[in-house]
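> Quick one, fold the following:
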Amino acid sequence: MYKPSSHSSFDIYRQDNMVRLEDPTKIHDTTLLEGAIHSEAGSASKQHGIQNYFTGYVFRGDIKPPEIIFQAGFAKIYSDQPTVHSLTAGSSGRRMKGGVSTTICVQVAGWFTIHGVDAEAGYVYLIDASEFKGIAVAETPQSALGSWFPHLTNGICDVNFTHAIPNTSIVGVVWPDKYYSPEESCWRSAPATALSLAINPEYEKGIKGVQKVKKLFSLWG
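Below is the predicted model:
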């Protein structure tokens, strides 16, 4: 199923390089996955406005395609200007001034890869952050997201990392499984009920890691 190779000779959308993530609840709330850790910050962190941390699997939207992200990973962002990386953005469209913003909800990541009403969507990536600790932030997402996913307001929505995310921690690119490819996907319709995952050949945990991910996101995981 999983055969790491160079991107020039390896089609990531081959059937034998794809798996299905089928739990409609867990893809919108990765805190429910076995092994996820949502912990309260210590007093020193709270002095800097940090209340909670999260360790586990997260999603990130980006306009860059897999052939770039699977090689480069996600670099630390140094701007406080609104970008595609800002995710829910609340009312201000801003996030932290440095780091990498992610989310526990795939629909949030997908929604905010889109720059305008008629613009094409970008790509959504599943990140294995089980060895990292990100800053957990509750938010009230814009538009329909708030009514679809009220848990994002009271628990975690965004998970912000103060460091870059290496390409080897990216499990793969995901999209609603009713579409043939991520380029054809629409994230601003009804919430996704299952995801197709095209595996990153550079994912450091290989086939065992992918099998674990599939089980975690299964209806019986």
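> Which residues are in contact with residue 14?
If a contact means C-beta atoms under 8 Å, 6 or more residues apart in numbering, then residue 14 has no contacts. Yep, even glycine has a C-beta here, placed from its N, CA and C like the rest.
> got it, and residue 50?
41, 135.
> Give me the mean pLDDT for whatever helix or strand residue 59 lives in.
If you go by DSSP states H and E, residue 59 is part of strand 52-62. In this model, strand 52-62 has a mean pLDDT of 96.
> Relative to the whole chain's centre, how far out is it?
6 Å (C-alpha atoms, centre = their mean, to the nearest Å).
> for the next helix or strand after it, packing partners?
With elements assigned by DSSP H and E, the helix or strand that comes after strand 52-62 is helix 66-72. The contact analysis (3 or more C-beta pairs under 8 Å, 6 or more residues apart in numbering; DSSP states H and E) places helix 66-72 against strand 123-137, strand 170-176.
> What's the first helix or strand after the longest one?
In this case it means strand 123-137. Once strand 123-137 ends, the next helix or strand along the chain (criterion: DSSP H and E) is helix 145-148.
> Can you pull out the residues in contact with that next one?
So helix 145-148 is in contact with 88, 105, 107-108, 111, 140, 152-153, 191, going by C-beta under 8 Å, 6+ apart.
> Mind checking which of these land in helices?
Per DSSP state H, helices hold the following members of those: 107-108, 111, 152-153.
> follow-up on the earlier one: mean pLDDT, mean neighbour count and distance to residue 196 added to the helices and strands packed on helix 66-72, as TSV?
Formatted as TSV, the helices and strands packed on helix 66-72 follow (pLDDT from 0 to 100; neighbours: other C-beta atoms under 10 Å; distance: least, C-beta to C-beta, whole Å):
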stretch	mean pLDDT	mean neighbour count	distance to residue 196
strand 123-137	96	22	11
strand 170-176	97	24	6
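> ok so, going back, for ChimeraX, write the select line for the buried members of the ones in helices among the contacts of helix 145-148.
ChimeraX command restricting those to the buried ones, with burial defined by 16 or more other C-beta atoms under 10 Å:
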select :107,108,111,152
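> of all the ones in helices among the contacts of helix 145-148, which comes closest to residue 219?
Looking at the ones in helices among the contacts of helix 145-148 and their distance to residue 219, the nearest is residue 107, at 18.5 Å (C-beta to C-beta).
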